[in-house]
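Chemist: no sequence for this one, just the structure:
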């Protein structure tokens, strides 16, 4: 198990390093606040158990194959959080019934009944050995690390995406017992140690590890349908019992290192308490970090209402531009304002435009290093429309505003400065 775990971790690390090399800017993702982007989910599951018992010599067939014709059904419940739109964590509990075959050393040995509540039935007997078919209740508590490949490569969160595949790896503990509630078996066994009138119940615990593919199908702001395809493995003794053996050597049982496998298909619903990834206060841009640090040092809240005059107009740019342009900057993958202070200049522009019947041109852009050209074009348009909505609230009619979204560009250094809307006061629109 240790070797498999190391292999999985190494594969994940190498994959992340390779992808990061091709998308340096996009992996500078935003982390959300501790109380944001939590979710819960509940699923109905179909499960197929594959035991690892090695059929003794002389028996007619193997009893370790997955019973595809006889799935067992159960449920999953999860609670988790997306740290950002690319990676998340969750903790899940699974409960299902499993069917398994075990090898008994002696015919009629009653230890199987002691371990599991259902009466096992011998399916084949050869000499002193019998193969029993039995069932038990399987419980699993597992923590998963989740990773969204689409969001990683695209470098942004698309709230309109319908299908989002998520890869995950996890580790935890698995427990088998005769009871639906694992805690009942644990309590009964504890009581049985001190009270001979209480019957002990068999139970086995093993470390478990797994991986899978979670398919999220978006229904709305808070709801997803999820289809989870998973695989879990643990040491073979979890569905065994004390006297199961593979042969004897000097009177001792031989227990080879093998694994039992659980294959699961789960279908259910996920409820998101919030899905917010582009909030201004979550920005990782260097300029915004510096601004917020300065605000905290100087204790300068954003002025509201806006009244300071900070723009000096001149008539010396071009034949159509009649003021020095200024830029309103945005967070990566966002069209929300970084600071309400930017509206100080915008209001002064609006007042001059209304007084002189000038037009205001909004040239929106995104940095070309992040996301696809199509997405950057849409993002730059949304940034223009965000500033247009602010201008219209200041009394500028839509007919007096010129939108000029240009998509992804590489004009300024650092590239974060390309995430902006350039505001220009003009006499008329260019043809």
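Modeler: Now that the structure is in, tell me what you want to look at. Being a predicted model, the structure only gives us computed values, none of them experimental. Numbers count the residues shown, from 1 in each chain.
Chemist: and the closest residue to residue 398 other than its chain neighbours, how far from residue 81?
Modeler: Leaving aside its sequence neighbours, residue 398 sits nearest to residue 392 (CB to CB, 6 or more residues apart in numbering; 6.3 Å). Every C-beta, even on glycine, is put in place using the N, C-alpha and C of the backbone. Look at residue 392 and residue 81: by CB to CB, to the nearest Å, they are 37 Å apart.
Chemist: and these two? Which one has more around it.
Modeler: residue 81 (17 against 14; other CB atoms under 10 Å).
Chemist: just checking, what packs against the helix or strand containing the more buried one?
Modeler: Element membership for residue 81, per DSSP states H and E: strand 72-82. Judged by 3 or more CB pairs under 8 Å, 6 or more residues apart in numbering; DSSP states H and E, strand 72-82 is in contact with strand 38-50, strand 87-104, strand 129-147, strand 259-272.
Chemist: and the shortest one, which residues are buried?
Modeler: So that's strand 38-50. 38-39, 41, 43, 45, 47-50 (16 or more other CB atoms under 10 Å).
Chemist: same question for the longest one.
Modeler: Of the residues in strand 129-147, those buried by neighbour count under the rule 16+ other CB under 10 Å are 129-140, 142, 144-147.
Chemist: and residue 223, what does it touch?
Modeler: 269-272 (CB atoms under 8 Å, 6 or more residues apart in numbering).
Chemist: most neighbours, which of those residues?
Modeler: Among the contacts of residue 223, the one with the most neighbours (other CB under 10 Å) is residue 270, at 23 neighbours.
Chemist: what mean pLDDT does stretch 135-144 have?
Modeler: Regarding stretch 135-144, the rounded mean pLDDT is 93.
Chemist: touching it from outside, list them.
Modeler: Contacts for stretch 135-144 (CB under 8 Å, 6+ apart): 47, 49, 72, 74, 80, 89-100, 116-118, 168-180, 182, 208, 210, 232, 239, 262.
Chemist: what about the strands in the stretch 101-250 of the chain?
Modeler: 121-126, 129-147, 163-177, 204-218, 223-235, 248-249 (DSSP state E, counting those that start in this stretch).
Chemist: follow-up on the earlier one: need the contacts of residue 223 in TSV with pLDDT and distance to residue 192, can you?
Modeler: Converted to TSV, the contacts of residue 223 look like this (pLDDT from 0 to 100; distance: CB to CB, whole Å):
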residue	pLDDT	distance to residue 192
269	98	40
270	97	40
271	97	41
272	94	44
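Chemist: among these, which pair sits farthest apart?
Modeler: 269 and 272 (10.6 Å; CB to CB).
Chemist: which neighbours do these two share?
Modeler: 223-224.
Chemist: follow-up on the earlier one: distance of the residue nearest to residue 398 relative to residue 346?
Modeler: 12 Å.
Chemist: sorry, back to before: quick one: which of the strands of the stretch 101-250 of the chain is nearest residue 353?
Modeler: strand 204-218 (40.6 Å).
Chemist: tell me the average confidence for the closest one?
Modeler: Computed over strand 204-218, the average pLDDT equals 94.
Chemist: so who does the nearest residue to residue 79 once chain neighbours are set aside touch?
Modeler: Leaving aside its chain neighbours, residue 79 sits nearest to residue 40 (5.1 Å; criterion: CB to CB, 6+ apart). The contact partners of residue 40, taken as CB under 8 Å, 6+ apart, are 77-80, 270-271.
Chemist: include distance to residue 405 when you put the residues you listed into JSON lines, please.
Modeler: As requested, the contacts of residue 40 are arranged in JSON lines below (distance: CB to CB, whole Å):
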{"residue": "77", "distance to residue 405": "45"}
{"residue": "78", "distance to residue 405": "40"}
{"residue": "79", "distance to residue 405": "40"}
{"residue": "80", "distance to residue 405": "36"}
{"residue": "270", "distance to residue 405": "34"}
{"residue": "271", "distance to residue 405": "35"}
